[in-house]
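Please work out how this folds:
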Amino acid sequence: MDYCHYYQARIEPAWCWYFVAILRSIEHVAFDRTLDAKTSTFEFFVPVDMEKCFLKIMSYFEQKGVASNVIRLPNRLADEPS
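Residues are numbered from 1 along each chain as shown. Purely as a prediction, here's the structure:
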């Protein structure tokens, strides 16, 4: 089974609603959810074919100061037992 690429990033709390709305307006680019509300850390499951688009969006948000610490990590769900 193929798994999505996995990313984490910190999103400025004041901009979370805007960031999520933009990300979800682009179909199939990523599944997002809050990983840690206290640090405003989000996790993203990105389909392999959508990674380039996702990274372009995240680069834009980094330039605007909305997102930071965008990092690709091993997919944390890939190691869970079936």
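
Show me the shaky parts of this protein.
1, 79-82 (pLDDT under 70).

Okay, helices next: where are they in it?
For the chain, the helices defined by DSSP state H occupy 16-25, 51-63.

Would you format those helices as JSON lines with mean neighbour count and distance to V70 included?
Just so you know, the C-beta spots here come from the backbone N, C-alpha and C atoms, and that holds for glycine as well. Below are the helices of the chain laid out as JSON lines (neighbours: other CB atoms under 10 Å; distance: least, CB to CB, whole Å):
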{"stretch": "helix 16-25", "mean neighbour count": "14", "distance to V70": "12"}
{"stretch": "helix 51-63", "mean neighbour count": "15", "distance to V70": "5"}
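
which one of the ones you listed lies closest to T41?
Among these, the nearest to T41 by CB to CB is helix 16-25 (11.0 Å).
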